[in-house]
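J.: Here is a sequence with its predicted model. Questions after.
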Amino acid sequence: MIDAGRVCMKKTGRDTGEKCVIINVLDDTFVEIVTKGRKQARKVNISHIIPLDETVDPKSEEQIKAALSSS
């Protein structure tokens with residue numbers, strides 16, 4: 001369920017309630033995500049995100065932007 005391109009919802013931290021997209025799985029505990037409000041990708045704990053049913057191509061900026069802008 002946790003894989004590159006998965007759209008998720010942040011459940012803790014400063015971005016609580018915002019959508020994010022996993023762009024890289026680092027290990028069993030951490031992934032790298034991008035959010036609409038931040039300019040750089042960052043590392044987060046998997047337990048801090050809720051995976052959604054939607055997936056996008058993690059290398060396509062257009063698909064990522066479209067997924068993050070939809071409510």
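T.: Arrived safely, thanks for sending. Numbering: from 1, shown residues only.
J.: Could you use CA atoms for every contact and neighbour count after this?
T.: Will do.
J.: Mind jotting down where the strands sit in the protein?
T.: 6-10, 19-25, 30-35, 42-45, 49-55 (DSSP state E).
J.: could you give the angle of the first one to strand 19-25?
T.: For strand 6-10 against strand 19-25, the angle between stretch directions is 120 degrees (axes from the mean of the first three to the mean of the last three CA atoms, to 10 degrees).
J.: what does strand 6-10 rub up against?
T.: 16-23, 48-56, 67 (CA atoms under 8 Å, 6 or more residues apart in numbering).
J.: Quick one, which of the residues you listed are buried?
T.: The neighbour-count test (16 or more other CA atoms under 10 Å) marks 18-23, 49-51, 55-56, 67 as buried among these.
J.: Is it possible to get JSON lines of these that adds distance to residue 38?
T.: JSON lines is the format used below for the buried ones among the contacts of strand 6-10 (distance: CA to CA, whole Å):
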{"residue": "18", "distance to residue 38": "11"}
{"residue": "19", "distance to residue 38": "12"}
{"residue": "20", "distance to residue 38": "10"}
{"residue": "21", "distance to residue 38": "12"}
{"residue": "22", "distance to residue 38": "14"}
{"residue": "23", "distance to residue 38": "14"}
{"residue": "49", "distance to residue 38": "16"}
{"residue": "50", "distance to residue 38": "19"}
{"residue": "51", "distance to residue 38": "19"}
{"residue": "55", "distance to residue 38": "20"}
{"residue": "56", "distance to residue 38": "19"}
{"residue": "67", "distance to residue 38": "15"}
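J.: Beta-bridge partners for the residue nearest the centre of the chain, please?
T.: Nearest residue to the geometric centre of the chain (CA atoms, centre = their mean): residue 21, 2.4 Å. Note on residue 21: beta-bridge partners by DSSP bridges are residue 7, residue 34.
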